[in-house]
Structures are given as structure tokens and as C-alpha cells.
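**Q** Give me a model of this one.
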Amino acid sequence: MHTKRWLISLSFALILSFSVHAQVQEKANIKASLGVTFSTFGDNSLVHFEPLVGAASYSGERFYSLGLDYLVPISQSFDFETGMEYSHHKMMVDPNLPPSMDKPEYPVYLDLVEVPFGLRFNFLDYFFIGAGGLLTLDVNSPEIGAAQTGLGACASLGAKYEFNSGLSAFVNPYMKANALWPFSPDDPHQHLMVTGWRFGFLYRLGGKDD
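**A** Next up, the predicted model:
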């Protein structure tokens, strides 16, 4: 129930934010962009920042992410970027047990709702660098210490192409560090680290440039 309230509140806050931004942009004649993103190529891992003796080891198996992207120009070179993303991760756990208690690897799954927020710096017409924060809600919290609800960070480097119709496409390699500041008191805490490639399409609200 607590997770559902979190998810509903997060969704409502994001929708309200989009609505406010849209009204402000309409008055200021600023054309924001809204689009969809997809990611599945890359690596995922759960890590401890401090070595632990006797702890189980985790290895990433696969993941995919689907999201909405919202881009607001704030100057000629900078955009504010936010949105919402759902990610599904499969991790393999190798327990560190004595031979008499040996147990084979087994999978755990992470389902996350992420809200990134940050700045894009655009350069040379076709490229951009992005960096910012990451608010993560862990929907299923599979194991103690592995819950990813908290604040993290993300960074990316990408290429884009803008069509005269108002549609644009982009691709960017990225890095995410989840739960650098976790909301749960678990100690020691594991952090989901992700590197991957994101593909997206954006449409400029208000249509093509005048």
C-alpha cells in the first residue's frame, strides 16, 4: 500500500509539473518537447562501495527501460530535461556459503520507476552532454539492502537530429547510479549501477519552427 501511494503521488506530481510548464511555455512562447525513450543495451550491476567479507556476489543478466522524456529550452545552449522511466532488471545472485550449504545461483528482479532531472548542454548542432539527479522508486524491493528507493545521479553524451516538422531523434550512451542517498536504513546498502544506450524520439509541442 505504501508503495502504491508513492507511485500515485510521484505520477501526480510529474503530471502537474508538465501542466505548469506547458502553461508557462504557452505564455512565453517557449516550445518544449515531449517524447518516448527505450533502452536495453548495456550493463547493470549491484555493488557495495565498501568491500564485505562473506557477502554474496551479484551480476547483471539483462535489463530494459521505457520512458517519457520532457525537454524545456532555457537558453540557446541549455535545456532542462525530466520525465519518467520504468526499468526492469534481472540480476543473478551467487551466495557465498560453505561447501556443505552450497546453493546454485538464483535470480532477483528489480522494477524501478525513475524520475531524472538535469540539464542538457547542446553543441555543434548535433550533440549534447547531460547531467543531473535521479529520483528512484523501487516497486518490488526484492532483498534487504537492495532496495533502490532514493536519490542518485545520471550523466550522458548523445547525438541528435532535428527535422523541420518538429520531430527529432536522438541516441545517447549514459550512466546511472541509483540510491546514492537511499531512503531506507539498510546497512550495508547496494547500489544499482547502469551503463547503456538510450534511443528516443521527441516532438516539439507547438509544431515546427516558424
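
**Q** Isn't Leu137 up against Leu151?
**A** No. The criterion here is Cβ atoms under 8 Å, and Leu137 misses it with Leu151 at 11.2 Å. The way it works is simple: take the backbone N, C-alpha and C, and place the C-beta from them, glycine included.

**Q** Can you pick out the residue with more neighbours from those two?
**A** Leu137 (20 against 14; other Cβ atoms under 10 Å).

**Q** Quick check: bridge partners of that one?
**A** Val113 (DSSP bridges).

**Q** Begin at 43, not 1, for the rest of this chat.
**A** From this message on, residue numbering opens at 43, which makes the last subject Leu179.

**Q** Give me the below-cutoff pLDDT ranges for this protein.
**A** 43-72, 93-98, 138-145, 183-187, 227-229, 249-252 (pLDDT under 70).

**Q** if we go to 90?
**A** Residue ranges of the chain with pLDDT under 90: 43-73, 82, 88-103, 118, 133-151, 180-191, 224-233, 247-252.

**Q** any idea which residue sits dead centre in it?
**A** Most central in the chain under Cα atoms, centre = their mean is Glu156, positioned 4.9 Å from the mean C-alpha point.

**Q** okay but it is in contact with Ser129, surely?
**A** Yes. Shown here, Glu156 and Ser129 form a contact pair, counting by Cβ under 8 Å, at 6.3 Å.

**Q** now the helices: where do they sit in the protein?
**A** For the chain, applying DSSP state H gives helices covering 44-70.
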